[in-house]
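Visitor: A structural model of the following input is requested.
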Amino acid sequence: MLLCPSFSKLLTGVVAGFFVCAAHAYTLPPAPASLQPLLVTMNERLNLADLVALSKWDTHLPTQDSAREAQVIANARKQAIDRKLDPDEVAELIAAQIEASKLVQYGLLAHWQAAGKAPDTPRPDLAKQVRPQLDELQNRLLQHYAAFAPYRKDPNCADWLATARSGLIKDTLHGQALIRATGDLCITDQ
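Guide: Model prediction:
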């Protein structure tokens, strides 16, 4: 079938216009303002895992501290009730943060073990300096989580999360840990 040149140009323009409109129809809406502070706080918590790993390297303590983890999660459950959040969801959120932190610790400790030494950097006291920082971060984390919680079921949540998270990743280990920390943040209908 032969088309006249003007009809061919018109058809090309219509098809091109369709694809431009289709591309605009799938533009991701902006993420809620509450997502970035939540992720920044999670990332701050992961960065403290480096200090926890140094402390555990020096003291030869195991990475797994079930009693401390249970205490942190129990405290989070109480805070959830005070903030009118679901205690089970908050417990899962905090458990994910703990698992992500341990991922960093295990990775760093393995690296240092292979090298035969840890970095020669100042070590703050775990109980007196690092844990109070973790407790303060948990308060902020729950505050930011409460603000973001209404968006967890939004169909764009996973895309918002992937985009925002990518700007915070400093290396592979911490990137994997941040993915673990945020793994259940979005709720998708399956």
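
Visitor: all helices for this structure, in order.
Guide: For the chain, the helices defined by DSSP state H cover 5-25, 35-59, 66-82, 87-115, 131-148, 157-166, 172-182.

Visitor: Report pLDDT for residue 92.
Guide: On the pLDDT scale, residue 92 is placed at 97.

Visitor: hang on, the earlier thing: relative to residue 188, which of the helices of the chain is closest?
Guide: Ranking the helices of the chain by distance to residue 188, with CB to CB as the measure, places helix 157-166 first at 6.7 Å. Glycine gets a C-beta too; all of them are placed from N, C-alpha and C.

Visitor: Could you export the helices of the chain as CSV, including distance to residue 123?
Guide: What follows is the helices of the chain, written out as CSV (distance: least, CB to CB, whole Å):
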stretch, distance to residue 123
helix 5-25, 52
helix 35-59, 5
helix 66-82, 18
helix 87-115, 13
helix 131-148, 14
helix 157-166, 29
helix 172-182, 19
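
Visitor: Least confident of the ones you listed, on average?
Guide: Among these, helix 5-25 scores lowest, at a mean of 49.

Visitor: Ok, which of the helices of the chain comes nearest residue 122?
Guide: helix 35-59 (8.9 Å).
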